[in-house]
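K.L.:
3D model of this:
(one chain, ligands or ions: 1)
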Amino acid sequence: MSDSTAFFPRLCARIRAVDSILCIGLDPHTSLLNKTTSADSSSLPTAADVEAFCDGLIDATLAVACCYKPNVAFFEALGGPGLELLAKLIAKIPKDIPVLLDCKRGDIGSTAAAYATASYHHLKADAVTLSPYMGTDSIVPFIEDGSKAAFVVCKSSNPGSNDLQALAMSDGRPLYLHVARLCERLGRTHDNNVGLVVGATDCEALRRVRSECPDVWILAPGIGAQGGDLKEALTAGLRPDGLGMIMPVSRAISRAEDMRGAAEELRQQMNAVRREVVHGGRMG
Ligand SMILES: O=C(O)c1cc(=O)[nH]c(=O)n1[C@@H]1O[C@H](COP(=O)(O)O)[C@@H](O)[C@H]1O
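P.N.:
Numbering: from 1, shown residues only. As a prediction, this is how the structure comes out:
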């Protein structure tokens, strides 16, 4: 797989082009739509309301987005028209900006193959988020095409993540580190196209995953509405080259009066930490 078509080299090219590791979450919450449309809080949004909101968000963030991450839930909530709209929005995003479909799929291989067709063939996403619970054969259909990639949930950002993901295995290490190792190995036997989701709300997990998997790409949600500490999380999870991590932010941008300004400020905050990590030689 050449660097011009493989997912992570393309993501890297975009990060360098806009000097940004900020991933823009496209999560059209109903409460946000009331800000931009005539819908009142009691009525369900229409696909047109959602499209207007997403168009505005994309327009405001185009210059700083290293990628877009639409969460399929908010589109499925609209029924059939929602999926059509999602495909339409993805088609509007310029080709040099990767689209990561947040769908957290996880099912037996043959069913996973159908999900992969839906994500890549119909929606034309470049990458997906997956749940690891059903093991490697539930992941493989999403990474057989080396131009695509999967970010597998390793340590999620929500409080309930400790219920299972932090359980100690027989070697005393938490389950999420085993997930990290499994995914790293899987990536190596494919096109290095497996990344991990590690929440920015758990910096200890970020540190441990980075130390276990020095090269892996990490998607680290949890900044803004979920209260993660941007500086601490990036310091824990970035590679020494200031890459290897992207931070998706949704509500902290989409709720802002000035979405463009909020996104630019986040980009700058992230870059300040990246510069410290690179110049400070945190990891050598
Ligand atoms: O896979 C994800 O992106 C994800 C994983 C995770 O552990 N936590 C998490 O919040 N997310 C998603 O990231 C987004 C976070 O949104 P904000 O909290 O508004 O920035 C939502 O779409 C979540 O579904």
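
K.L.:
any idea of the pLDDT on residue 37?
P.N.:
Per-residue pLDDT puts residue 37 at 55.

K.L.:
One more: residue 167?
P.N.:
In this prediction residue 167 is given a pLDDT of 98.

K.L.:
Can you give me the neighbour number for it?
P.N.:
Using other CB atoms under 10 Å as the criterion, residue 167 is surrounded by 11 other residues. (Glycine included, C-beta is placed from N, CA and C.)

K.L.:
Contacts only, for it.
P.N.:
Listed by CB atoms under 8 Å, 6 or more residues apart in numbering, the contact partners of residue 167 are 174, 175.

K.L.:
Tell me how far it lies from the ligand.
P.N.:
17 Å (CB to the nearest ligand atom, to the nearest Å).

K.L.:
ditto for residue 253
P.N.:
On the measure of CB to the nearest ligand atom, residue 253 and the ligand end up 8 Å apart.

K.L.:
What about that residue, how many residues nearby?
P.N.:
Every residue meeting other CB under 10 Å relative to residue 253 is counted, giving 24.

K.L.:
Also residue 279?
P.N.:
Close neighbours of residue 279, defined as other CB under 10 Å, add up to 9.

K.L.:
For the stretch 151-284 of the chain, what lies in contact range of the ligand?
P.N.:
The stretch 151-284 of the chain has residues 156-157, 197, 199, 221, 224-226, 248-252 near the ligand, with proximity defined as CB under 6 Å from any ligand atom.

K.L.:
got a list of what the closest residue in space to residue 161 that isn't next to it in sequence touches?
P.N.:
If the residues on either side of it in the chain are set aside, residue 161 comes closest to residue 155, at 5.9 Å by CB to CB, 6 or more residues apart in numbering. Residue 155 makes contact with 161, 165, 166, 176, 197, 198, 199, 202, 205, 206, 209, according to CB under 8 Å, 6+ apart.

K.L.:
Ok, residue 100 next?
P.N.:
Listed by CB under 8 Å, 6+ apart, the contact set of residue 100 reads 23, 67, 68, 69, 125, 126, 127, 128, 129, 151, 219, 248.

K.L.:
mind listing which of those are in strands?
P.N.:
23, 67, 68, 69, 127, 128, 129, 151, 219, 248 (DSSP state E).

K.L.:
I'd say the last one and residue 27 touch.
P.N.:
No. With contacts defined as CB atoms under 8 Å, residue 248 does not count as touching residue 27, sitting 9.4 Å away.

K.L.:
quick one, phi psi at the residue nearest to residue 161?
P.N.:
phi -140, psi 110 (degrees, to the nearest 10).

K.L.:
Quickly list what it is bridged to.
P.N.:
Judged by DSSP bridges, the bridge partners of residue 155 are residue 198.

K.L.:
State the distance from it to residue 162.
P.N.:
For residue 155, the distance to residue 162 equals 9 Å [CB to CB, to the nearest Å].

K.L.:
What of residue 246?
P.N.:
Residue 246 is 24 Å from residue 162, by CB to CB.

K.L.:
If you count surrounding residues, which of those two has more?
P.N.:
A direct count of neighbours by other CB under 10 Å for residue 246 and residue 162 places residue 246 higher, at 25 against 15.

K.L.:
contacting residues around the helix or strand containing the more buried one?
P.N.:
Using DSSP states H and E, residue 246 maps to strand 245-249. Applying CB under 8 Å, 6+ apart, the contact partners of strand 245-249 are 11, 15, 21-25, 66-67, 69, 100, 102, 200, 217-221, 223-224, 230, 233-234, 237-239, 263, 266, 270.

K.L.:
average model confidence for that strand?
P.N.:
pLDDT averaged over strand 245-249 gives 98.

K.L.:
Now the following helix or strand past it: buried residues?
P.N.:
Note on strand 245-249: by DSSP H and E, the next helix or strand toward the C-terminus is helix 251-254. By 16 or more other CB atoms under 10 Å, the buried positions in helix 251-254 come out as 251, 252, 253, 254.

K.L.:
want to try JSON lines for those, with distance to residue 43 as columns?
P.N.:
Shown next, in JSON lines, are the buried residues of helix 251-254 (distance: CB to CB, whole Å):
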{"residue": "251", "distance to residue 43": "21"}
{"residue": "252", "distance to residue 43": "26"}
{"residue": "253", "distance to residue 43": "25"}
{"residue": "254", "distance to residue 43": "19"}
